[in-house]
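In: prediction below, plus the sequence it came from.
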Amino acid sequence: MKKFAQKFLIYSMGYFYLVAGVNHFNTPDFYLSLIPPFFSHPELINFISGAAEILLGLGVLYLPTRKLAAWGIFCLLICFIPSHVYFIQIGSCIDGGLCAPEWVGWVRLLIIHPMFLFWAFWVSKNPVLPKG
């Protein structure tokens, strides 16, 4: 069972970030509305973060780059914190977009985001799947 769980955690991370990155290009308005206005060039930020998620997600799926890609995801997640804070500051509701109770924004920031950080950290420390 341990082998299955390790494989699941590693491969699901790769696919999760691959899909998330593709979504930056499929639905850019969703992501653009989450970029705080004090950042200039939101379109470029969306493009770079989407491309980074795709590349890092693929990197997690490939053994020789898995550890480095997991650390890249960890760093990318740190960069996303201002977006989570901004979402809370605007009342967790974007005109014509995502609206959620304010507590959902806090749960994302204080519980889910740290779990994603831990997940990336765990993959970086367990890059090689057990044999068998």
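Out: In hand now; what should we look at?
In: the chain: helices as residue ranges?
Out: With DSSP state H as the criterion, the chain has helices at 2-26, 28-32, 42-61, 66-89, 102-107, 113-125.
In: out of the ones you listed, nearest to D95?
Out: helix 28-32 (11.0 Å; Cβ to Cβ). C-beta coordinates here come from the backbone N, C-alpha and C atoms, glycine included.
In: now the closest one: average pLDDT?
Out: Averaged over helix 28-32, pLDDT sits at 92.
In: could you export the helices of the chain as a markdown table, including distance to D95 and mean neighbour count?
Out: What follows is these, written out as a markdown table (distance: least, Cβ to Cβ, whole Å; neighbours: other Cβ atoms under 10 Å):
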| stretch | distance to D95 | mean neighbour count |
| --- | --- | --- |
| helix 2-26 | 20 | 15 |
| helix 28-32 | 11 | 15 |
| helix 42-61 | 15 | 18 |
| helix 66-89 | 13 | 17 |
| helix 102-107 | 16 | 14 |
| helix 113-125 | 24 | 16 |
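In: make CSV from these and add distance to G96 to it.
Out: Output for the helices of the chain, formatted as CSV (distance: least, Cβ to Cβ, whole Å):
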stretch, distance to G96
helix 2-26, 17
helix 28-32, 8
helix 42-61, 16
helix 66-89, 15
helix 102-107, 18
helix 113-125, 25
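In: OK, contacts around F16?
Out: G57 (Cβ atoms under 8 Å, 6 or more residues apart in numbering).
In: quick check: it vs G91, distance?
Out: F16 sits 27 Å away from G91, going by Cβ to Cβ, to the nearest Å.
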